[in-house]
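Enquirer: Mind folding the following:
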Amino acid sequence: MAALVRWAGRPSALSDPAAARDPADLAERELERLRWRTASLQTSTKWALPLAKASYERADARSLEERELSHPDAVAAFRDFARRYGSMPGARQLVVTVDELDKIGDVDKAAEMINSAKDLLHIDRTHFVVSVSEEALAGYALRGMSVRDVFDSAFDVVLDVKPLTASESLALLEGRVLDFPVPVGLLCHSVAGGLPRDLVRSARQCVGLRRASNGAVSVPALADALTRRQLSSALDAAIRLGSSGARSPEIFRLREQVDAGAALTRATVAPLLNGDESGSTGALGVFATFLGTTCDYFSAPRDRAEWQKVIADGSALKCAGVLASVQRTIPISPSAAAASLVAARRLCGLDPL
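Expert: The predicted structure is shown next:
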């Protein structure tokens, strides 16, 4: 009597983790397990009994479905994975990253996620890194819960990652683009608020404008085009997602003026400044005034020698730094950003509003 067993249904990567050859193989098996949480496993058994002039066969089949893991089971499975990974030759320390926790808009769900991760935070050679923006923390607090307190109780170290300084932004751009002009780099730093992702995005827009022109582009022309694009995007977002106040005739009128090439003067954006601090129009007005101030500074007539002078004496870097600070303050407190904008214009040598 002989028996033949055939297995089918699940990918081979979902086989026993103990069969993993190396850390990479083990990690691949774990990813497959997480991806295919429920799987159908088909098993069949065939018995063959040879007789003198005939044979007798019987086939049995059954279907098994893997059950969903509960939270304790999932924790135990991850602990087992981390233990196996750490025991393998050549395995490095395991780092688990959770980027942009602020994408979870619900306060309770964000806190629940952090609290549920506490069961995993004390595994040997395993580290967790979670990132969340300051704006999100402030937003959570305004909705009645300090997620920062949850962070403080869950993690060993809470680090405040500072935005880039003007010098650091220039260094980042110099490492990505050959001979990127310093004045344009300071313009991008100002508009981006010192945030690396927005800095690179603004720099790419400037490069695109340069390519589209088929020739040299002046700093004032780039400043005008870049700030105009920023305001157009902000107005579009307000019209599409904002409250009824953000869809006022003044906003549509300003959108048309921006498309027509109107300068970002105080008179142009005055209708936006009439909204209260909690409303979309108030923040939009301050943002538009910030963009106008940025355009004013970088559109001032300067030749190469004058730019070199304000860069060498540090005044251009100081101005770009304070403008970037204003940009970061607008989402948190438009009134505070407006007050800082008055001081920024004075520091940058611009006429008062």
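
Enquirer: what stretches of the protein score poorly on pLDDT?
Expert: The chain contains residues with pLDDT under 70 at 1-19, 34-67, 105, 134-148, 241-248, 250, 261-281.

Enquirer: From the centroid of the chain, which residue is nearest?
Expert: Glu100 (5.6 Å; CA atoms, centre = their mean).

Enquirer: What distance do you get for that one to Val132?
Expert: In this view, Glu100 and Val132 are 7 Å apart by CB to CB, to the nearest Å. Quick note: C-beta positions are derived from backbone N, CA and C, even for glycine.

Enquirer: Isn't the residue nearest to the centre of the chain up against Ser133?
Expert: Yes: assessed by CB atoms under 8 Å, Glu100 is found in contact with Ser133 at 7.5 Å.

Enquirer: Touching the host helix or strand of Phe128 from outside, list them.
Expert: For Phe128, the host element (DSSP states H and E) is strand 126-130. Under the contact criterion CB atoms under 8 Å, 6 or more residues apart in numbering, strand 126-130 has outside partners 82, 86, 93-98, 101, 114, 117, 120-121, 151, 155.

Enquirer: tally of neighbours for the residue nearest to Val158 when sequence neighbours are not counted?
Expert: Once flanking residues are discounted, Val158 sits nearest to Phe151: 5.4 Å by CB to CB, 6 or more residues apart in numbering. Phe151 has 16 neighbours, counted by other CB atoms under 10 Å.

Enquirer: can you tell me which residues contact Phe151?
Expert: Ile114, Val130, Val132, Val158.

Enquirer: Then it would be within a helix, right?
Expert: Yes: with DSSP: H, G, I helix; E, B strand; the rest coil as the criterion, Phe151 is assigned to a helix.

Enquirer: With Val75 as the reference, measure out to it.
Expert: Here Phe151 is placed at a distance of 20 Å from Val75 (CB to CB).

Enquirer: cool, Ala20 as well?
Expert: 20 Å.

Enquirer: So which of the two has more stuff around it?
Expert: The residue with more neighbours, out of Ala20 and Val75, is Ala20; 20 against 16, by other CB under 10 Å.

Enquirer: so the more buried one touches Leu26, yeah?
Expert: Yes: at 3.7 Å, Ala20 counts as touching Leu26 under the criterion of CB under 8 Å.

Enquirer: Need the residues touching each of the two.
Expert: Taking CB under 8 Å, 6+ apart as the criterion, Ala20 and Leu26 both touch Arg84, Met88.

Enquirer: how about the nearest residue to Val322 once chain neighbours are set aside, what does it touch?
Expert: Nearest residue to Val322 in three dimensions, chain neighbours excluded: Ala344, at 4.6 Å (CB to CB, 6+ apart). By CB under 8 Å, 6+ apart, Ala344 lies in contact with Thr293, Cys319, Val322, Leu323, Ser325, Val326.

Enquirer: mind listing what's buried in the one helix or strand Ala344 maps to?
Expert: Per DSSP H and E: Ala344 is located in helix 334-347. Neighbour-count burial for helix 334-347 flags Pro334, Ala337, Ala338, Ser340, Leu341, Ala344, Arg345 (criterion: 16 or more other CB atoms under 10 Å).

Enquirer: May I ask you to confirm that the fifth one is in contact with Leu291?
Expert: Think Leu341. No: counting by CB under 8 Å, Leu341 stays clear of Leu291, with 10.6 Å between them.
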